[in-house]
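Asks: the sequence isn't on hand, but the structure is:
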């Protein structure tokens, strides 16, 4: 008896060690859905951006035959919409193409009238990263979540009781402190840290910070005494 395969569900494995083997596409997608990308993101004006270079590297690890294509509109790599621009990028992974679109925007996340080449290129790479999410990578970011599917809930440190509704706030403050620290704004980092006044929450925040940031905060606090 011949076995019938669902061509949409089964593909030849993209992994070299499994070359020629049929695998379930959904299993490959689930692996990407579970990947935590938080360490490779940055926040700008309320939006979270994932490093496109890192994201593409992860795509190639998952599928060495992955490719992306910038959609063309005549001789332009963007669609003109009343003087503004929209870019479209198609990413093919696991044998399936997925297309995303993104406006060419400024730092305020507003569409740019008559954008220059730099702005268009920036949007293309961001759009490529967004298209990767349709295959599962960092999709939770676009859904407004803090952790991927199957990820553990935030547990800042054992023995500390923090209200569930405050966990995300503490995590955001930890990111803000690190962002200020990396920008050499120690005063700003310390002020972000002082924004958490509850003792239990402060302990939880401290536990989320890397040791070098904690050391810098401690040193800065001592200098103010």
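Replies: That came through fine. Bear in mind the structure is a predicted one, so any value in this text is a computation, not a measurement.

Asks: sheet-wise, list the partners of the strand ranked longest in the chain with their directions.
Replies: In the chain, ranked by residue count with DSSP state E as the criterion, the top strand is strand 84-93. Applying DSSP bridges, strand 84-93 is found paired with strand 67-70 (antiparallel), strand 79-81 (antiparallel), strand 96-103 (antiparallel).

Asks: what does it contact?
Replies: Counting by C-beta atoms under 8 Å, 6 or more residues apart in numbering, strand 84-93 makes contact with 59, 62-63, 66-71, 77-79, 97-104, 111-113, 115, 120, 123-124, 127-128, 130-132, 134-135, all of which sit outside it. From N, CA and C alone the C-beta is placed, and that goes for glycine too.

Asks: point out where this structure drops to low pLDDT.
Replies: Applying pLDDT under 70 to the chain picks out residues 1-13, 15-23, 45-46, 144-147, 149-162.

Asks: grab the most central residue of this protein for me.
Replies: Centrality entry for the chain: nearest residue to the mean C-alpha point is residue 50, 3.7 Å, by C-alpha atoms, centre = their mean.

Asks: was I right to think residue 120 contacts residue 102?
Replies: No: using C-beta atoms under 8 Å, residue 120 is not in contact with residue 102, being 10.6 Å away.

Asks: name the residue in the two with the higher neighbour count.
Replies: Each of residue 120 and residue 102 has its neighbours counted (other C-beta atoms under 10 Å); residue 102 has more, 21 against 17.

Asks: quick one: end-to-end distance for stretch 76-90.
Replies: 16 Å (C-alpha to C-alpha, to the nearest Å).

Asks: buried stuff in that stretch?
Replies: Of the residues in stretch 76-90, 77, 78, 79, 84, 85, 86, 87, 88, 89, 90 count as buried by neighbour count, 16 or more other C-beta atoms under 10 Å.

Asks: of all these, which two lie farthest apart?
Replies: Using C-beta to C-beta, the pair of those lying farthest apart is 84 and 90, separated by 21.2 Å.

Asks: count residues in the vicinity of residue 129, would you?
Replies: Burial of residue 129 is recorded as 28 neighbouring residues (other C-beta under 10 Å).

Asks: from residue 199, how far out is it?
Replies: Going from residue 129 to residue 199 by C-beta to C-beta, to the nearest Å gives 39 Å.

Asks: ok, back up a step: TSV please, covering the strands paired with strand 84-93 and showing distance to residue 163.
Replies: What follows is the strands paired with strand 84-93, written out as TSV (distance: least, C-beta to C-beta, whole Å):
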stretch	distance to residue 163
strand 67-70	43
strand 79-81	45
strand 96-103	37
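
Asks: residue 139: which of the ones you listed is closest?
Replies: Of the strands paired with strand 84-93, nearest to residue 139 by C-beta to C-beta is strand 96-103, at 11.2 Å.

Asks: hang on, isn't residue 50 packed against residue 138?
Replies: Yes: taking C-beta under 8 Å as the definition, residue 50 is a contact partner of residue 138 at 5.2 Å.
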